[in-house]
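Peer 1: Here is my input, please return the structure:
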Amino acid sequence: MTDMLVALDEVLTYARCPLEWYWENRAHIERPESVMTLMADAVRAGLGFFYGGFVPTLVAGVEMAWRDWARDWDKSNLVTDLSTYAGERNAILMSFRNGDYKRPGGQLYEVPQMTAKFRDLMHTSGALKLGAALDETARSVGLILPHSVEKGFSVLGDAYADCLDAVRQNLKTLPARSIVKGAAVPYRTRIPGGLTLLGVADLVVEGRPDQPDAVILEVHQFERDPYVRFGLGARDLRVIAATLAEPNPEARPEGAAAVAWRKVDRVDFRYWPTGEVYNFRGGANLGALQMLVSAAARGMRQGIVVPRALSGYEDCRDCAYRDLCWGEAWQELSLINPIDQARAEALTRLASRVRGAVAGDDAAAAHARQALLEIERQLAADGDDSQAQCEALAEAFHTLQPAAPAQASANGGRHADHAG
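Peer 2: Sure thing, here's the model as predicted:
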């Protein structure tokens, strides 16, 4: 029986905000380009260039990604201006880290960018004026900038500077090019209940010499969190899925080399803003993964859309789709498709009646579970085609009918042959 395929990125988007998932995967509105994703995109592209052997250093790989964008945007001087801004900003940050400027009690500043001294130094260096020009360039090429209550620096310039700073923070702990088997490698994780999760490992690294068929998978986090701890990584769905991953060669990009392994020895969770790396070996919480992915998959199949926007605009500040949700059409937006909701409730009632009918018969219950999974898969495949869904249910009912008595096969068995 074929498993239902669920993309891990879709699950994560749906968990973050079902309405964001709806715009991209149901309404098929292309995700607007946002400055907030450029750091992750540039570093991942740089990793591909570096570990693919196209550039001598990771810094060169990241710079190549930005030069490619500047050429696409027809902004030939953009990378030069970004480099100037990043040099000034990162030098000022380093002076804070080195203790040149401290709190009144002598402690180092945890967030130097929030201090008046940092702003004064940025202004004196000319970085503030250059940053404002960079953001105007970003708007002119259609990039989405976050709506900040108080923005003193350049969003585009900071994205470029963060790339270079993150590379510097991680250089000592990144695996050597000689032991990396591949970057952005697709994998799949089989989950009990007929689900297969499709993901991408940021890096696949050779395992220990005594286990040539084992690998280390890296999961990369680029967004800044107030606190990054071991416990957060242990609960991250990407880490759990990677712990149980197996190769998915059918999904690899055209021309990419196949990467194979028999066992995941360890998963490394890399937090790029600080260079912290947490190691996880075995013990994945498969039950939590199954519960969360199954719930998200059911919600996605039935089109259940409850927006995070209901909790306030602050939660939507950096979302590329925010203008669709908070525009003039918000009051007329249908958040839940009543037809899909009715079908979901009908299927739930059906499952309840089937469980009641086979109660006490373990063998029948096992067959009934498989039948219900198959019905759900068929309904999901038919999308919004209600006629096709009715036909699928009718076919399922027909195949479960008891066989006709032998004496009913008259006229040379023509009807029996036809039924078979």
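
Peer 1: hey, where'd the strands end up in the chain?
Peer 2: For the chain, the strands defined by DSSP state E occupy 4-7, 180-191, 195-206, 214-221, 246-247, 263-271, 276-280.

Peer 1: Mind telling me which of these the model trusts least?
Peer 2: Per-stretch mean pLDDT for the strands of the chain is lowest at strand 4-7 (a mean of 88).

Peer 1: what about Glu345, how many neighbours?
Peer 2: Applying other CB atoms under 10 Å, we find 11 residues neighbouring Glu345. In this view, the C-beta of every residue, glycine as well, is placed from N, C-alpha and C.

Peer 1: Quick check: it vs Ala296, distance?
Peer 2: According to CB to CB, to the nearest Å, Glu345 and Ala296 sit 18 Å apart.

Peer 1: One more: Cys325?
Peer 2: Using CB to CB, Cys325 is found at 20 Å from Ala296.

Peer 1: Pull the contacting residues for the residue lying closest to Phe54 once chain neighbours are set aside.
Peer 2: Computed as CB to CB, 6 or more residues apart in numbering, the closest residue to Phe54 that is not its neighbour in sequence is Gly61, at 7.3 Å. By CB atoms under 8 Å, 6 or more residues apart in numbering, the contact set of Gly61 is 45-50, 54-55.

Peer 1: are any of these buried, and which?
Peer 2: Buried residues within these, counting neighbours by 16 or more other CB atoms under 10 Å: 45-50, 55.

Peer 1: May I see these arranged in JSON lines, with distance to Leu82 and pLDDT as well?
Peer 2: Putting these into JSON lines (distance: CB to CB, whole Å; pLDDT from 0 to 100) gives the following:
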{"residue": "Ala45", "distance to Leu82": "15", "pLDDT": "96"}
{"residue": "Gly46", "distance to Leu82": "14", "pLDDT": "96"}
{"residue": "Leu47", "distance to Leu82": "19", "pLDDT": "97"}
{"residue": "Gly48", "distance to Leu82": "20", "pLDDT": "95"}
{"residue": "Phe49", "distance to Leu82": "18", "pLDDT": "96"}
{"residue": "Phe50", "distance to Leu82": "19", "pLDDT": "96"}
{"residue": "Val55", "distance to Leu82": "18", "pLDDT": "96"}
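
Peer 1: Of those, which belong to helices?
Peer 2: Using DSSP state H, the members of the buried ones among the contacts of Gly61 that fall in helices are 45-50.

Peer 1: Tabulate the buried ones among the contacts of Gly61 in CSV, adding columns for distance to Arg16.
Peer 2: Rendered in CSV, the data for the buried ones among the contacts of Gly61 read as follows (distance: CB to CB, whole Å):
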residue, distance to Arg16
Ala45, 23
Gly46, 25
Leu47, 24
Gly48, 25
Phe49, 29
Phe50, 30
Val55, 33
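
Peer 1: Just the closest of these to Arg281, please.
Peer 2: Leu47 (22.9 Å; CB to CB).

Peer 1: Leaving out sequence neighbours, find the closest residue to the closest one.
Peer 2: Nearest non-adjacent residue to Leu47, counting by CB to CB, 6+ apart: Ala183, 4.7 Å away.

Peer 1: ditto for Phe153
Peer 2: Nearest to Phe153 is Gly131, by CB to CB, 6+ apart, at 5.4 Å.

Peer 1: The one you found against Ala161, yeah?
Peer 2: No - using CB atoms under 8 Å, Gly131 is not in contact with Ala161, being 9.7 Å away.

Peer 1: Of the strands of the chain, which is nearest Leu156?
Peer 2: Closest approach to Leu156 among these (CB to CB): strand 214-221, 21.6 Å.

Peer 1: Quick one: list the elements packing against the closest one.
Peer 2: helix 38-51, strand 195-206, helix 237-243, strand 263-271 (3 or more CB pairs under 8 Å, 6 or more residues apart in numbering; DSSP states H and E).

Peer 1: Please identify which of those is closest to Cys17.
Peer 2: Once the helices and strands packed on strand 214-221 are compared by CB to CB, helix 237-243 is nearest, at 15.5 Å.

Peer 1: Show me how far the closest one is from its chain's centre.
Peer 2: Relative to the centre of its chain, helix 237-243 is centred 12 Å away, using CA atoms, centre = their mean, to the nearest Å.

Peer 1: Quick one: list the elements packing against that helix.
Peer 2: helix 8-16, strand 180-191, strand 195-206, strand 214-221, strand 263-271, helix 286-302.

Peer 1: Flag the shaky bits of this structure, pLDDT-wise.
Peer 2: Within the chain, the segments meeting pLDDT under 70 span 1-2, 147-152, 226, 228, 283-285, 307-315, 327-344, 347, 376-420.

Peer 1: on that earlier part again, in TSV: the strands of the chain, plus distance to Ser140 and mean neighbour count.
Peer 2: Below are those laid out as TSV (distance: least, CB to CB, whole Å; neighbours: other CB atoms under 10 Å):
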stretch	distance to Ser140	mean neighbour count
strand 4-7	33	16
strand 180-191	30	21
strand 195-206	32	22
strand 214-221	30	22
strand 246-247	43	17
strand 263-271	33	21
strand 276-280	36	17
